[in-house]
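K.L.:
Only the shape, not the letters, is given here:
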Ligand SMILES: [Zn+2]
């Protein structure tokens with residue numbers, strides 16, 4: 001077996017899908033092919049990278065033992081609900097594996113300085129081997145304590161119970177991002193709304209997120225980015241103005257140099 005025709009990269013997901021009390025984490029991926037480029041260029045995926053990721057995953061996943069039998073035809077799309085149920089870290093892990101086929105494959109990510117008065121942005125180049133990988137531990141609660149707190153039903157609340165985003169939520173975030181490309185706080189509100197299960201046990205609304213202090217929102221968003229399982233995609237640098245440069249590596253950008261296959 002060589003190069004192009006290998007369909008069967010077995011990988012371990014950091015989170016996995018639960019079915020009847022069992023968590024399934026192993027799946028088999030194909031590399032990206034022309035059929036994927038066509039699928040991802042459809043108008044539905046335009047300006048929504050998460051929709052493009054979904055269609056790539058539906059084609060590239062060949063087998064997901066416990067969840068899905070090996071596909072008879074490698075180009076067949078798996079049911080959409082599987083990739084919409086997968087968590088964001090699992091999806092990101094698959095995308096990294098599919099796209100970083102070459103050892104020198106890097107992804108470039110440009111992140112602006114958080115300081116509102118600063119126009120600087122920084123570009124980072126990352127190789128897969130630089131990324132730490134953490135498995136998700138379902139027994140460790142994901143919690144964050146707000147510094148300023150927020151009022152819910154007249155009570156001051158502080159402890160946020162967090163959850164991992166599903167593929168469906170990341171697609172919805174992609175749609176919100178498409179419409180509000182220049183309004184990052186709106187995207188942040190939606191992101192936090194999906195990521196917070198409850199605060200001090202109380203259910204939340206988007207208005208609760210809007211009423212948080214800007215500092216709490218930034219601290220919480222940073223905590224979530226820092227503590228997401230799977231490949232550690234978090235970037236934190238200081239800008240020359242003294243401001244923070246904080247963001248997440250764009251996994252969809254991975255590309256590398258093709259090694260020529262020798263033919264004699
Ligand atoms: Zn700056």
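P.N.:
Looks like it arrived, so ask away. On a predicted model such as this, the values are computed, not experimentally measured, just so you know.

K.L.:
Up against the ion, what does the stretch 1-150 of the chain have?
P.N.:
Contact residues (Cβ under 5 Å from the ion) of the stretch 1-150 of the chain with the ion: 113, 115, 118, 120. From N, CA and C alone the C-beta is placed, and that goes for glycine too.

K.L.:
Narrow those residues to just the buried residues.
P.N.:
Buried members of these, scored by 16 or more other Cβ atoms under 10 Å, are residue 113.

K.L.:
From the residues of the stretch 1-150 of the chain next to the ion, which land in strands?
P.N.:
Judged by DSSP state E, strands contain none of those.

K.L.:
Is it possible to get TSV of the residues of the stretch 1-150 of the chain next to the ion that adds pLDDT?
P.N.:
Formatted as TSV, these follow (pLDDT from 0 to 100):
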residue	pLDDT
113	92
115	87
118	94
120	96
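
K.L.:
Give me the nearest residue to residue 147, chain neighbours excluded.
P.N.:
The shortest distance from residue 147 to any non-neighbouring residue, by Cβ to Cβ, 6 or more residues apart in numbering, is to residue 216 (5.9 Å).

K.L.:
Actually, residue 247.
P.N.:
Leaving aside its sequence neighbours, residue 247 sits nearest to residue 111 (Cβ to Cβ, 6+ apart; 3.6 Å).

K.L.:
mind pulling up the phi and psi values for that neighbour?
P.N.:
Note on residue 111: backbone dihedrals following degrees, to the nearest 10 are phi -130, psi 130.

K.L.:
what residue ranges in the stretch 101-250 of the chain score low on pLDDT?
P.N.:
Nowhere does the stretch 101-250 of the chain drop to pLDDT under 70.

K.L.:
for residue 255, what are its contacts?
P.N.:
99, 105-107 (Cβ atoms under 8 Å, 6 or more residues apart in numbering).

K.L.:
from these, which two are the most distant?
P.N.:
Farthest-apart pair in the contacts of residue 255 is 99 and 106; separation 10.4 Å (Cβ to Cβ).

K.L.:
Now list whatever residues contact both of the two.
P.N.:
Listed as contacting both residue 99 and residue 106 by Cβ under 8 Å, 6+ apart are 254-255.

K.L.:
Quick check: residue 86 touching residue 57?
P.N.:
Yes. Counting by Cβ atoms under 8 Å, residue 86 does reach residue 57; the two are 7.5 Å apart.

K.L.:
Of these two, which one has the most company?
P.N.:
residue 86 (28 against 25; other Cβ atoms under 10 Å).

K.L.:
Quick check on the closest residue to the more buried one other than its chain neighbours: phi, psi?
P.N.:
Once flanking residues are discounted, residue 86 sits nearest to residue 167: 5.0 Å by Cβ to Cβ, 6+ apart. Reported as degrees, to the nearest 10, the phi and psi values for residue 167 are phi -60, psi -40.

K.L.:
gap between residue 167 and the ion?
P.N.:
34 Å (Cβ to the ion, to the nearest Å).

K.L.:
swap in residue 78?
P.N.:
Taken as Cβ to the ion, the span from residue 78 to the ion is 43 Å.

K.L.:
Tell me which residues touch that residue, please.
P.N.:
Going by Cβ under 8 Å, 6+ apart, residue 78 touches 57-59, 61, 64, 68, 71.

K.L.:
try residue 22
P.N.:
Going by Cβ under 8 Å, 6+ apart, residue 22 touches residue 66.

K.L.:
ok, what's across the strand from it?
P.N.:
Per DSSP bridges, the residues bridged to residue 22 are residue 19.

K.L.:
what about it, distance to residue 66?
P.N.:
Residue 22 is 7 Å from residue 66, where distance means Cβ to Cβ, to the nearest Å.

K.L.:
cool, and residue 36?
P.N.:
Look at residue 36 and residue 66: by Cβ to Cβ, they are 25 Å apart.

K.L.:
higher neighbour count, those two?
P.N.:
Of the pair residue 36 and residue 66, residue 36 is the one with more neighbours under other Cβ under 10 Å, namely 20 against 16.

K.L.:
Might you report the residue contacts of the more buried one?
P.N.:
Taking Cβ under 8 Å, 6+ apart, one finds 55-56, 59-60 in contact with residue 36.
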